[in-house]
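Engineer: Pasting the sequence and the predicted model now:
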Amino acid sequence: MKFTLSWLYDHLETSATVEEICARLNQIGLEVEGVEKPGAALEPFLTARILEATQHPNADRLQVCRVDAGPGMTDVQVVCGAPNARAGLSVIFAKPGTYVPGLDITIKEGKIRGEASGGMLCSLRELGLGEDTGGIAELPEDTLPGQSYADFAGLDDVVIEIAVTPNRGDALSVRGIARDLAAAGLGTLRPWMAETVEGTFASPVIWENTYPEACPWVLGRTVRGVKNGPSPEWLRRKLESVGLRSISTLVDITNYFCFDLGRPLHVFDVKKLSGGRLTLCRGAGETFTALDGQEYTVTPEECVITDANGVQSVAGIMGGAASGADEGTTDVFIECALFDPVLIALSSRRLGMSSDSSYRFERGVDPALPVAAMEAATRMILDLCGGEASEVVSAGAQPAWQREAVLRFSRVQDLGGLAVPARESVSLLEKLGFEVQEQTDTFVRASVPSWRNDIAQTPVLAQGRDLPADQAARAAEGVAQSEAESDLVEEVLRLKGLDAVPPVPLPPVSVVPGVALTPRQVRTAQARRVLAARGLVETVGFSFVSHEDALRFGGAPEALRLLNPIASDLDQMRPTPMVNLVAASHRNAARGWADIGLFEIGAGFSEEGQQLIAAGVRCGHTPRYPGQASTPVSLWSARADALELLAQLGVVADGLSTTPDAPSWYHPGRSGVLRQGPKMVLGYFGELHPSLLQAEGIDVPVVGFEILLDAVPEPKKRRKAAPRLSAFQPVRRDFAFVVARDVPGEKLLKAVKGADRTLVADVSLFDLYEGEHVPEGYRSMGVEVTLQPVEKSLTDAELDAVSERIVAAVAKATGATLR
Amino acid sequence: MSDDLEILRQDVLSELAGAADMRAWDAVRVGTLGKSGRLTALLKALGKMEPEERKVRGVALNRLRDDLTRAIESRGQALEAAALEARLVAERVDVTLPPPAQVQGAIHPISRAMEEMTAIFGAMGFSVAEGPDIETDWHNFSALNTPAHHPARTDHDTFYLPPVPGLDVARVLRTQTSGVQIRTMLSQKPPFRVICPGRTYRADHDATHSPMFHQCEGLVVGKGVTLGHLKGCLIEFLRVFFDKPDLPVRFRSSYFPFTEPSMEVDIGWSRRTGEIGGGEDWLEVLGSGMVHARVLANCGLDPREWQGFAFGMGIERLAMLKNGIPDLRSFYESDIRWLRHYGSDPLAPALLHEGV
C-alpha cells in the first residue's frame, strides 16, 4: 500500500517528521517497505525571473539574459536559445553544478559564442517532467525567485510504501493508516463526515440480489447529466503519486475512495446497461470481457452482476469492458457493496483475476461505511463532473457486525509480558475506536469498531480428528473465551511498542541441559562427520528432480509427481539423493573439476514413504604422486565408505553380508547390497552403471554408495565387557585356498573365522590369484589368520589341529582345497 | 716387553687401521682375540713356562691383551659411527617436497547452521523434532489457522501432489516446518520446547528465492510462558549465533495466522558494509509470536491452561548473514569450489564450549 505524506495529512494532523512516522509505522505492524522522494532530483532547480533579454551579439538564435534567481544570485547572465525567453518572465533556473535529468548533463559555468553564461533556463522536458513545448517553462507571473522548484511545484511530497498484513484490511486506506498513527500517539485524526446529497429522482437502475450469501448489502445511485473527462490536476497527481494511472474523472473518483477510505466502488455507464435492473447472481458459465481486456468464464461459485444483456461485472473483483464509464458517459450508476471476503478470495484465485478492489474485499472492508461512502462519492462526482443525483437504491441490509471483547487487565502482563496500567490500556483501545461498555478494576468490556474485522471474530477451528471429544470441546471452549482477549492484548502491545516488553530468560529445565537430539538424529550428525572426515564434501540437492532422472534411479511414481512443478525438470520427488549427486558430478566435471568426492544426507521418496539416505560418490581419478600412478576411483573406496559409515553407526561387521544384487543404477558385476541378516537391506555400493553415466554425459568413472539410515538398527546400549588381553603372543599362519571363482570371498573368510571362535582372532585376505597352476574357473585366495592363545602358548600339535579345523571348515562351506 | 709381543701389537694395530669395514674389523678381532687368535695362542702357551718366566710374561701378555681389546673396541665403534654416518647421508631426501595429497571433506553450511542452532537452543532446554516433507494440507495450513481462502495462503506458493487413495485431504510439500509443531502438540504432553529444522518448499525461483530451502521453527508451550520469554529466548539465540553479545535486536508487530500477538524480529546491521550488529539499518531475520489460541485448540490444548510462543527463521538466510554468503542459489548448486570455500571442518563440530 502506497500513500504520500500530503495525502496522509488529509486525515492526520501531525508535526512528526517522515522518520518519526516511518519508525512508528514499523512499530505498530505497518512495515515500511520503501520511502521515496520523487522530487528529490528537482530540489536544486530554482525559480527565477528574467530581468532583461537582449540579442546575442554573435548568434542569431541566442539571447543574453540577465536573471534574478533569488538571494545571492540576483543578477546572473545566462545565454538562452529559447524563443520565448523575454524580460519579466518567471522561469526555472539551473545554477552551475545542477544535474539536469532530462539531458543527463551537469550545468557548468562557461562562455557561449563569447558571452558568459552562469547557468541554464530550463524546459519541463529537461526536468524530466513533460513534453517539449518549444521553449523554456513559463511559471506564473508573481512567482518569487529563489525557491526550490520542487517545493514550488509541490513535487516535494514523500511516497511511503507499507506492507499491510492480511488481517489489517482497515490499513489499506490512508484514513486507516492515519487512525493507527493517531492511536499510537503521532498526531490527531481529522474528523471526516460525508455530506448527504438528497436524491431528486428515482434511479433508473435498481438492484436485485439472488445471491445474498455473497453480497449481504448493496447500494446504488444514478447521477445523470455528468461530463466525464480528464481529472483535475490534484486528483490526477494524487493517484499517480501512489502508482495508479489516471483514466477519467469518474473512474479516478472510484480509485480515490478505494485508497482514501479503503472503500471499493464501481461505476456503470447507465446508457450501456439494459433492462433498468442489475442482478447479483451466480455465474452460469458465461464468458465475459473485463476492464483489463481479458476474457473470463464465470462459474456458479462466482457472484456476478448481470443486466438484460448478460454479465456486466464479476462482483467485487472487476467490472466489464462493455458497461464501464468512458469519455462519452453522461449518466452513471455507482455501485457500493459488501461482498463476502472468502467468496471473493476464492473467486479471485479461481479466475486468476485480482484488483485493488478484490484485494480489499478479501481482507474485509468496513461494513458500516457504505452509506457515507456513497454520499461522499456522489458529492465528488457532482463537484467534478456536474449532474444530478438520484435517490439511493439498495438490496439487502447492513449486516450485524457489532461485536464486543473483554480484556482482563492482568492478561497484558500474563500473556504479553508487559505491565500496562488499566487506564492506559483502555485509553489506547478508545483511540483505536473501541467504545467502553463496562469497566471494573480488573476488566473492560468494549465494543469493536466496525472497521476492525480482525478483532473478536467467531473462532473457526480445524481440530484434529483423532482428538477425544471432551478434550476437543474443552479446548474449543477455551478459544471462545480467550481469543478476543488476545486480540485486545495484541492491540495494546502494538501501540505501546513491543520493544517496551522486558525480555525474560526462559527458566532452565535443568542446570545442565538434556540431550537435544534423538538417537536417530545423533547418528545422522555422526554420519555427516564420518563421511566428511573421509574426504567427501557435503552437498544439498533439491528434493525434486526430473521425472526421467527419477526413472533412471528406480522410481518415479505418479503419486510423487508434483501437480504444479516450477519447472518441468523439477517435477518428481527423488527416489534417492544419488540422483542429485550424479548430476552434480557431471556439472563439476564440466567445469573442469572431475576428481571429487561428494555426499548428501537427505530424503529419498517412494510410495512407501520418505526415508533418510546417506549417499556418496567418488569421481574421476586418484591424485598423482611420485611413484604412485593416478588410478580410476575404485569400487573398493565406495565399499570402504559404506562399511566405515556402518561401523561408526554401531553396526557390527560380523553381522553384515554382501550380495551382488544392487539396484539397476549400479554396474551389475561391480556392486553389492549390504545386508544385515537375509532380509534387512542397509545399503548399496559399487560402480555406477556405465550406460547411466553415458546418459548423464559423464565420461569419468564414478563409484558410489547409499546407506539407508532409517534401516540401520539402533545399537543396543550395553556396557562393554572387559577386553581379554592375553599374555601370550599371537601366532600368524598363512593359508592358500583354491576355490571356485563364483564362491563369494566373504563366505570363505567367514568360514575361516567360524572355524574356531576362541582362537581365530582375525582373518585377512592378502592374495588373490588366477592363472597357471590354478584350474580354469578357480582362483587362489591367500588368507592370513591370526590365532590368539588365551590360556597358554600353543604347541605344534595344537597349531596343526586348529589349522586342520580351518581347512575343514572352509572345505565344507565352499568346497575349497588347500593349494 | 719381548719383541714378539711388540711385533704382535704393531701388527694388530696396523691391521686395525687397515680395516675399512666391520667385516675386516671382525677378522682382525677374531684373528687376535678369537679362539685360535694369535694373542690367545700366546696366552695358552703361558702354561708351559717356568713360574718365574710365566709371571713376567703373564703381566706383559695381560697388558697387551687389555691394550689390544681397547684398540679393537675403539676401532669398532669408529667404524660403526662411520657406517651410520654414511647411511644417513645416503638416506637423505628432499623434505621440502609435498606429502601425498589428503583429500579434505567438508560439511555444508546449511548443516553447520542447523548444528549451531541445535547447540544453542539445546542449551536452553529445546529438543529437535522432525516430520515429513510431504504434509497434509491440514498439518501445513488448516491446523495452523490458515484455511483455504486465507489471504496468507497466496503468499505461500504451495506445491501440490496428486491425491492418493485413502487420504481425503490434499497433499502438499510443506511450505514451513510448522506441521512438526502440530505433530508435537498432538503426540506429546506439554510442557515442551522443540525446534524443527528441515527442508521447506515454495513455488518461487529467482535470485532471492529457491523452490526448496530450509527453515528452523521453534515452539515453547507451558504454563505462564509470556511474550517476555519469547523475547528473552530469541535475543539470547541471536546474540550467541552471531557471537555479538551486544547485538541490537528489534521486535516489530506483525501478523501470522498461527500466532497472536505476532512480531517480526530485526537485528542491527549496516546495509553498506553488511556488518552484523553495526550501522544504522535493521534486517529482518525471524518471525515469531505467541501461539494462537486456535492452533492450541486444534491440537487439543486448552488455551486457558496452556500458552506459549513459536518462531521461525530461514536457515540459509542466517547462514548467509553469518558467513557473508552473497547468493542463495549457490547453496544448492553443488559447485565443489563453493562447497570447499564455505564448508566447515568435520572435526570442529558446533560445540558451545568451543564457541559456535
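Structural biologist: Yes, it's here. Here the structure is a predicted model, which is why all the values come from computation and not from measurement. Residues are numbered from 1 along each chain as shown, chains lettered A, B, ... in the order given.
Engineer: Looking from chain B, tell me which residue of the stretch 651-800 of chain A is nearest.
Structural biologist: residue A:710 (11.5 Å; CB to the nearest CB). Glycine gets a C-beta too; all of them are placed from N, C-alpha and C.
Engineer: and that residue, that's in a helix?
Structural biologist: Yes. Assessed with DSSP: H, G, I helix; E, B strand; the rest coil, residue A:710 lies in a helix.
Engineer: What are the boundaries of the helices in the stretch 151-300 of chain A?
Structural biologist: In the stretch 151-300 of chain A, the helices defined using DSSP state H, counting those that start in this stretch lie at A:174-183, A:233-241, A:249-260.
Engineer: Just tell me which of the ones you listed ends up closest to chain B.
Structural biologist: helix A:174-183 (10.4 Å).
Engineer: and that closest one with chain B, contact?
Structural biologist: No. Helix A:174-183 lies apart from chain B when judged by CB under 8 Å from any CB of the partner chain; the minimum separation is 10.4 Å.
Engineer: in the stretch 101-250 of chain B, which segments are predicted with low confidence?
Structural biologist: B:151-152, B:154-156 (pLDDT under 70).
Engineer: tell me the helices in it, going along the chain?
Structural biologist: B:109-123, B:137-140, B:151-155, B:178-187, B:227-241.
Engineer: residues of the first one that come out buried?
Structural biologist: Put plainly, it is helix B:109-123. B:109-123 (16 or more other CB atoms under 10 Å in any protein chain shown).
Engineer: now stretch A:503-519, how far from the chain's geometric center?
Structural biologist: Computed by CA atoms, centre = their mean, to the nearest Å, the chain-centroid distance of stretch A:503-519 equals 32 Å.
Engineer: quick one: contacts of stretch A:49-59?
Structural biologist: Stretch A:49-59 is contacted from outside by A:62-68, A:75, A:79-80, A:85-91, A:112-115, A:121, A:143, A:145, using CB atoms under 8 Å, 6 or more residues apart in numbering or on different chains.
Engineer: Look up the closest residue to the residue of the stretch 651-800 of chain A closest to chain B, ignoring the ones flanking it.
Structural biologist: Excluding its sequence neighbours, the residue lying closest to residue A:710 (CB to CB, 6 or more residues apart in numbering or on different chains) is residue A:611, at 4.6 Å.
Engineer: what ranges do the strands span in chain B?
Structural biologist: B:127-128, B:134-136, B:160-161, B:171-173, B:192-201, B:212-222, B:249-256, B:259-269, B:281-291, B:307-314 (DSSP state E).
Engineer: downstream neighbour of the longest helix seen in chain A in the secondary structure list?
Structural biologist: Determined from DSSP state H, the single longest helix within chain A is helix A:469-496. Once helix A:469-496 ends, the next helix or strand along the chain (criterion: DSSP states H and E) is helix A:519-533.
Engineer: which helices and strands sit right next to that following helix?
Structural biologist: strand A:537-538, strand A:597-606, strand A:609-619, helix A:635-648 (3 or more CB pairs under 8 Å, 6 or more residues apart in numbering or on different chains; DSSP states H and E).
Engineer: From the chain's centroid, how far away is it?
Structural biologist: Distance, centroid of helix A:519-533 to centroid of chain: 31 Å (CA atoms, centre = their mean).
Engineer: How many neighbouring residues does the residue in the stretch 351-500 of chain A that chain B sits nearest to have?
Structural biologist: Here the residue of the stretch 351-500 of chain A nearest chain B is residue A:417; by CB to the nearest CB that distance is 3.0 Å. Counted by other CB atoms under 10 Å in any protein chain shown, the residues lying close to residue A:417 total 25.
Engineer: Please identify the most buried of the helices and strands packed on helix A:519-533.
Structural biologist: strand A:537-538 (a mean of 26; mean count of other CB atoms under 10 Å in any protein chain shown).
Engineer: does chain B sit close to the helix or strand just after it?
Structural biologist: Next helix or strand after strand A:537-538 toward the C-terminus (DSSP H and E): strand A:544-545. Yes. Judged by CB under 8 Å from any CB, strand A:544-545 comes into contact with chain B through residue A:544.
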